[in-house]
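Enquirer: Give me a 3D structure for the following:
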Amino acid sequence: MRILQLHTRYRQAGGEDRVVAAEADLLRSAGHTVEQLLADNPRSSMAAAGAMLKSPWNSASRQAVERAVARFKPDVAHVHNTWYALSPSVLDELRASRVPTVMTVHNYRLMCVNGMLLRDGGPCEDCVGRSPLPGIRHRCYRNSVVASTVAAATIGYNRRRKTWADGVANVAGIVAALPTGADWPPPVSDVVGEGDADAGLGDGLDFVATPGTYGVICSANTSPTGDILKVFLVGPLVVGP
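Expert: Next up is the predicted model:
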């Protein structure tokens, strides 16, 4: 499978950056082809300010995705951090290019100006499900009215456009047992087939793979009875009975 990873790296490498790198290594070791589209937030104050102003919708980032898709022709895209150099515009281009897409949300930035749902040492949900204006009033992002306004504009603009709602496919995790000694990695088709119903993420639901569903093999643990395989389903899924 050809997998396109998209991620904006942090100025100081942290957990999200390590997750992206480890995921790429794991997928490659399982036989998948991984292409990374990585962006960096500028370090200088002037360049950072200019890039941040584009964070609600960065046309250059969208064009970069368009070029990457045309060149790499991914089967699926996995989006991580888009703040702020990539911007949510990358999701719109992936949808326009008809690339099945899943997004790992590492924080609360889709609904919270500072991404943490914390303020003044305690929980805060003032912007959850409503206007992010309180985040500006409280200077939630870096104690700056300007920076908080840009972060709030990113949330508000893309909420109105339904960027996150319309630009990311459904995803469900499944676990399947393979016989000990089976070839590794197994063909995804051996695990994911049209019409198969598989257990969801511990929520008691069944998901049915429909045409256009993809499977991404992510991990395996050897047990006495067989190799335990974890697969993420991406694409058109329906909740089974």
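Enquirer: Show me where the protein has its helices.
Expert: Secondary structure of the chain (DSSP state H): helices at 15-29, 45-53, 59-72, 89-96, 133-137, 145-161, 163-167.
Enquirer: Out of the ones you listed, which is the most enclosed?
Expert: helix 89-96 (a mean of 22; mean count of other Cβ atoms under 10 Å). C-beta coordinates here come from the backbone N, C-alpha and C atoms, glycine included.
Enquirer: can you list contacts of that one?
Expert: For helix 89-96, the surrounding residues in contact (Cβ atoms under 8 Å, 6 or more residues apart in numbering) are 6, 37, 57-59, 61-66, 69, 77, 79, 82, 101, 103, 161, 163-164, 166-168.
Enquirer: any idea which helix or strand of this structure has the worst average confidence?
Expert: None of the helices or strands of the chain scores lower by mean pLDDT, DSSP states H and E than strand 197-199, at a mean of 40.
Enquirer: would you list the helices of the chain in TSV and tack on distance to Tyr108 and mean pLDDT?
Expert: Shown next, in TSV, are these (distance: least, Cβ to Cβ, whole Å; pLDDT from 0 to 100):
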stretch	distance to Tyr108	mean pLDDT
helix 15-29	13	90
helix 45-53	19	87
helix 59-72	22	97
helix 89-96	17	92
helix 133-137	11	96
helix 145-161	10	93
helix 163-167	12	74
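Enquirer: Figure out which of those is closest to Met111.
Expert: helix 145-161 (6.6 Å; Cβ to Cβ).
Enquirer: Counting by contacts, list what that closest one packs against.
Expert: helix 45-53, helix 133-137 (3 or more Cβ pairs under 8 Å, 6 or more residues apart in numbering; DSSP states H and E).
Enquirer: now with 6 Å?
Expert: Secondary-structure packing of helix 145-161 (3 or more Cβ pairs under 6 Å, 6 or more residues apart in numbering; DSSP states H and E): helix 133-137.
Enquirer: gap between the two ends of stretch 51-69?
Expert: 23 Å (Cα to Cα, to the nearest Å).
Enquirer: how's this structure carved up into domains?
Expert: What automatic domain parsing lists as the domains of the chain is 2-167, 170-239.
Enquirer: that older thread, quick one, which of the helices of the chain gets closest to Gly121.
Expert: Using Cβ to Cβ, these put helix 133-137 closest to Gly121, at 16.3 Å.
Enquirer: contact partners of that closest one?
Expert: 113, 126-127, 148-149, 152 (Cβ atoms under 6 Å, 6 or more residues apart in numbering).
Enquirer: Distance to Ser89 added to those residues, as CSV?
Expert: Formatted as CSV, these follow (distance: Cβ to Cβ, whole Å):
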residue, distance to Ser89
Val113, 19
Asp126, 27
Cys127, 22
Ser148, 21
Thr149, 19
Ala152, 17
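Enquirer: if we take those, which one ends up nearest to Leu53?
Expert: Ranked by distance to Leu53 (Cβ to Cβ), the contacts of helix 133-137 are led by Thr149 at 10.1 Å.
Enquirer: which non-adjacent residue is nearest Gln63?
Expert: Leaving aside its chain neighbours, Gln63 sits nearest to Glu93 (7.9 Å; criterion: Cβ to Cβ, 6 or more residues apart in numbering).
Enquirer: Tell me how far that neighbour lies from Ser144.
Expert: Glu93 sits 29 Å away from Ser144, going by Cβ to Cβ, to the nearest Å.
Enquirer: same check, this time on His78
Expert: Taking Cβ to Cβ, one finds His78 at 31 Å from Ser144.
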